[in-house]
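*Asks:* need the 3D shape of this:
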Amino acid sequence: MSSHGEVDERIASKSALEAAEEQLRSLCASHAGTFVSVERRGYALEVALKDLLASVKNIELFVSSSQNALDQEEESDSSLAALSEKHRVRRRTLLQHSSLLELLELPSLMDACVRSNLYEEALSIAAFANTLERRHAERNEVVLKVIVQVRSRQVDLRRHLLFCLKNHVSMPQCLEIVTALRRLNSIDLERQSEANLERVHAAMELRLQVDFLEARDAWLDIPGSNSAPFAGTEYVNSSSYIQSEQLLDVIERHRTRMFEIETQFNAIFRVQANAEKNSVSLLSMWASRRVHSFLSLLAIQLNQMQDSASLRDALDSCIFFSASMGRLGADFTSQVPPLFEKKILSLVTSIWGEGVGHLADTLKICRDAGVASPLSSSAINSSVSLDIDSSSLAPLPPPRELMALPPLGRLVNAFLNGLNELRRCLLPGIFPLLRKSLAATLAEVNTTLQANERLVLTPGLRGDATELRECAKAMKEAMKKIVTPYMKGVFEDSLGNTKSARDFYEVVLANTAPKLTSMGSSNVDKEGEEDNGNPKEVKSEEGETIEKEENIAEEE
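*Replies:* Numbers count the residues shown, from 1 in each chain. The predicted model follows:
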């Protein structure tokens with residue numbers, strides 16, 4: 001049984017083995033493609049590995065040569081380490097892109113602030129430029145260029161602030177501008193490395209004062225709007241009125257603007273208590289220069305004036321201007337009268353000179369034409385007599401005897417016209433000069449009359465020779481006995497010297513009273529027949545009056 005059992009087990013195992021082999025064969029048959037593919041891939045992998053090994057052996061040569069090249073270029077800028085550092089810097093720069101854009105826009109932003117009068121913002125940007133300069137000690141090129149551009153805009157800001165001072169600005173605006181300029185100085189002072197910063201600050205402050213006065217000078221020299229004449233008045237076409245208004249406008253402009261400038265300067269740049277006592281004030285020097293410039297301009301403008309009324313208005317304006325400046329320590333009242341004295345003297349003497357010129361021309365024309373009728377007239381009221389009251393202060397009217405000699409009457413009228421101009425603007429400083437001018441004018445008239453008498457006495461004179469000789473003699477005598485004392489009396493009366501004027505008036509009355517009837521009869525009838533006794537009496541009386549006149553002149 002046991003043997004039979006073993007045979008059965010062997011047969012079963014053999015059959016099982018055969019069955020397994022059969023199953024294996026069927027499986028291999030079913031997966032034949034897979035085995036083929038694996039075989040092919042293994043072959044391909046073996047070939048690829050062989051090729052890779054060959055390539056590695058070839059690349060080992062290139063790697064060794066590259067290593068040698070890297071070792072040689074390790075110290076150059078194109079080395080890998082340098083390129084890596086540059087790449088790192090660029091990455092950091094890219095991360096700070098927005099901040100860099102703001103930094104680059106600082107110059108243009110400051111320029112916009114300057115144009116828009118945003119002084120505080122512009123000064124903040126300028127101060128930030130100093131901060132950038134201190135922080136970036138490594139001297140970054142981009143930052144340095146930005147700082148340079150900001151510095152140039154800072155100069156533009158200073159120029160713009162000084163230009164604003166060249167226009168009309170109120171006290172608050174002026175204080176704001178000067179404060180901005182001082183902050184600019186402080187920004188510049190931060191960059192100074194000197195030890196004595198106080199001296200630098202004092203120099204900057206002095207320079208600021210000079211710039212302030214120079215800028216305000218430019219505003220002071222800007223002409224104002226001239227007041228036009230009122231329509232419908234008699235001065236519309238008057239050039240003298242326009243010149244007077246222009247002069248008054250110049251005086252008023254200098255008065256208001258100089259007072260405003262000095263007030264602003266004192267309020268902003270007040271002198272400190274510890275300043276040197278012997279130092280000359282900058283404001284005083286400026287005021288002296290401006291006053292001298294104003295007086296020079298006034299002298300030029302006064303030469304264009306043609307009437308004393310305009311001179312009087314200008315004198316009052318100048319005195320008021322000087323009084324206003326006197327409150328600030330710049331009184332120039334003593335320098336004003338000489339300018340007006342010179343002009344009023346020339347104005348009066350020119351009128352007198354025109355009268356003397358007309359007299360000489362009239363005598364020459366009549367002498368050349370041989371006509372004596374324009375030199376004499378018969379329209380005299382002989383019943384009129386002149387008297388003078390010693391207690392009266394009124395001046396003596398012109399003697400009517402001069403109507404018999406029209407050239408002398410016109411001469412006296414010209415003289416009185418000159419005194420009328422003097423009455424409107426009388427200055428005590430011209431009294432001695434006027435006396436000299438009066439003496440010179442009278443001497444010139446006497447010389448003209450004497451020359452005329454010599455010429456008419458020349459033989460061969462044609463025309464009304466006899467009448468011309470008589471008129472020449474009569475004008476010479478009237479000039480000596482009536483015109484000269486009358487002109488001196490009126491002149492002294494106009495100067496306020498009534499006592500001397502009354503003495504001259506008495507001489508005129510003494511010379512004219514005895515001749516009222518004789519002159520009237522001789523001019524009306526023209527008979528030429530006179531009593532031999534009367535001229536002698538007149539001569540004696542005239543001689544006494546002449547001596548009295550000479551005594552008065554000696555007393556003066």
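*Asks:* check which helix or strand the spatially closest residue to residue 307 that is not a sequence neighbour maps to.
*Replies:* Distances taken as C-beta to C-beta, 6 or more residues apart in numbering put residue 240 closest to residue 307, at 5.8 Å, once the chain neighbours are dropped. Heads up, the C-betas are built off the backbone N, CA and C, glycines and all. For residue 240, the host element (DSSP states H and E) is helix 239-268.
*Asks:* can you name the next helix or strand after that helix?
*Replies:* Heading C-terminal from helix 239-268, the first helix or strand you meet, by DSSP H and E, is helix 282-302.
*Asks:* give me phi/psi at residue 459?
*Replies:* Dihedral pair for residue 459: phi -60, psi 150, per degrees, to the nearest 10.
*Asks:* how far away is it from residue 375?
*Replies:* Distance from residue 459 to residue 375, counting by C-beta to C-beta, to the nearest Å: 20 Å.
*Asks:* and these two? Which one has more around it.
*Replies:* residue 375 (24 against 5; other C-beta atoms under 10 Å).
*Asks:* for the more buried one, which non-adjacent residue is closest in space?
*Replies:* Nearest residue to residue 375, sequence neighbours excluded (C-beta to C-beta, 6+ apart): residue 471, at 4.1 Å.
*Asks:* in terms of contact, does that neighbour touch residue 372 like I think?
*Replies:* Yes - with contacts defined as C-beta atoms under 8 Å, residue 471 counts as touching residue 372 at a distance of 5.5 Å.
*Asks:* taking helix 282-302 as reference, get the angle to the helix holding residue 240.
*Replies:* Using axes from the mean of the first three to the mean of the last three C-alpha atoms, to 10 degrees, the interaxial angle of helix 239-268 with respect to helix 282-302 works out to 180 degrees.
*Asks:* go through helix 239-268 and flag the buried ones.
*Replies:* Applying a neighbour-count criterion of 16 or more other C-beta atoms under 10 Å, one finds 241-245, 247-251, 253-255, 257-262, 264-265, 268 buried in helix 239-268.
*Asks:* try stretch 164-173
*Replies:* Of the residues in stretch 164-173, those buried (16+ other C-beta under 10 Å) are 164, 165, 166, 169.
*Asks:* tell me which residue lies nearest the centroid of this protein.
*Replies:* Taking C-alpha atoms, centre = their mean, the centroid of the chain lies closest to residue 221, which sits 1.8 Å from it.
*Asks:* packing partners for the helix or strand harbouring residue 161?
*Replies:* When elements are assigned from DSSP H and E, residue 161 belongs to helix 141-164. The contact analysis (3 or more C-beta pairs under 8 Å, 6 or more residues apart in numbering; DSSP states H and E) places helix 141-164 against helix 97-104, helix 106-115, helix 119-135, helix 171-190, helix 197-220.
*Asks:* what residues does the third one touch?
*Replies:* Spelled out, that is helix 119-135. Residues from elsewhere that reach helix 119-135, judged by C-beta atoms under 8 Å, 6 or more residues apart in numbering: 103, 106, 109-110, 113-114, 143, 146-147, 150-151, 153-154, 157, 161, 176-177, 180, 183-184, 187, 190-191.
*Asks:* of all the helices and strands in the protein, which has the lowest average confidence?
*Replies:* Within the chain, no helix or strand scores below helix 533-555, which has a mean of 36 by mean pLDDT, DSSP states H and E.
*Asks:* hmm, residue 340 and residue 315 touching each other?
*Replies:* Yes - with contact defined as C-beta under 8 Å, residue 315 reaches residue 340; the gap is 5.3 Å.
*Asks:* using the three-state scheme, assign residue 222.
*Replies:* Going by DSSP: H, G, I helix; E, B strand; the rest coil, the secondary structure assigned to residue 222 is coil.
*Asks:* hmm, back to that, show the pLDDT at the residue nearest to residue 307.
*Replies:* Predicted confidence (pLDDT) at residue 240: the value is 71.
*Asks:* so it touches residue 305, yeah?
*Replies:* Yes - counting by C-beta under 8 Å, a contact exists between residue 240 and residue 305, whose distance comes to 7.4 Å.
*Asks:* now the stretch 51-200 of the chain, which segments are flagged as low pLDDT?
*Replies:* Along the stretch 51-200 of the chain, the model assigns pLDDT under 70 to residues 69-80, 137-139, 193-195.
*Asks:* go again with 90.
*Replies:* Screening the stretch 51-200 of the chain residue by residue with the criterion pLDDT under 90, one finds the ranges 51-157, 185-200.
*Asks:* next helix or strand past the helix or strand residue 57 falls within?
*Replies:* Applying DSSP H and E as the criterion places residue 57 in helix 32-72. Toward the C-terminal end, the helix or strand that comes next after helix 32-72 (DSSP H and E) is helix 80-95.
*Asks:* would you mind giving both backbone torsions of the residue nearest to the centre of the chain?
*Replies:* Residue 221 adopts backbone torsions of phi -80, psi -10, taken as degrees, to the nearest 10.
*Asks:* distance check, it against residue 313.
*Replies:* Counting by C-beta to C-beta, the gap between residue 221 and residue 313 amounts to 23 Å.
*Asks:* now residue 307
*Replies:* Taking C-beta to C-beta as the criterion, residue 307 is separated from residue 313 by 10 Å.
*Asks:* setting aside sequence neighbours, what's the nearest residue to residue 167?
*Replies:* In space, residue 167 comes closest to residue 219 once its chain neighbours are excluded; the distance is 6.1 Å by C-beta to C-beta, 6+ apart.
*Asks:* now do residue 185
*Replies:* residue 204 (4.4 Å).
*Asks:* count the residues that sit near the one you found.
*Replies:* For residue 204, the number of neighbouring residues by other C-beta under 10 Å comes to 18.
*Asks:* with residue 413 instead?
*Replies:* Under the neighbour criterion other C-beta under 10 Å, residue 413 is assigned a count of 14.
*Asks:* so the closest residue to it other than its chain neighbours is in which element?
*Replies:* For residue 413, ignoring the flanking residues on the chain, the nearest one in space by C-beta to C-beta, 6+ apart is residue 355 at 7.4 Å. Secondary structure here is read from DSSP H and E; on that basis residue 355 sits in helix 337-369.
*Asks:* quick check: next helix or strand after that helix?
*Replies:* Reading on from helix 337-369 to the C-terminus, the next helix or strand found by DSSP H and E is helix 406-424.
*Asks:* and the gap between residue 448 and residue 472?
*Replies:* 11 Å.
*Asks:* let me fix that, I meant to ask about residue 123.
*Replies:* 88 Å.
*Asks:* higher neighbour count, these two?
*Replies:* Set side by side, residue 123 and residue 472 give different neighbour counts by other C-beta under 10 Å, the larger being at residue 472 (24 against 20).
*Asks:* residues contacting that one?
*Replies:* Counting by C-beta under 8 Å, 6+ apart, residue 472 makes contact with 449, 452, 453, 456, 457.
*Asks:* which PyMOL command selects the buried ones in these?
*Replies:* This is how PyMOL selects the buried members of the contacts of residue 472, with burial counted by 16+ other C-beta under 10 Å:
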select buried, resi 449+452+453+456
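*Asks:* phi and psi next, for residue 169.
*Replies:* Dihedral angles for residue 169 - degrees, to the nearest 10 - are phi -130, psi 140.
*Asks:* tell me the spacing between the residue nearest to the centre of the chain and residue 251.
*Replies:* From residue 221 across to residue 251, the span is 15 Å (C-beta to C-beta).
*Asks:* count the residues that sit near residue 220.
*Replies:* For residue 220, the number of neighbouring residues by other C-beta under 10 Å comes to 19.
*Asks:* number of residues surrounding residue 355?
*Replies:* The tally of other residues near residue 355 (other C-beta under 10 Å) stands at 22.
*Asks:* and it, what does it touch?
*Replies:* With contacts taken as C-beta under 8 Å, 6+ apart, residue 355 has the following neighbours: 410, 411, 413, 414, 415, 417, 418.
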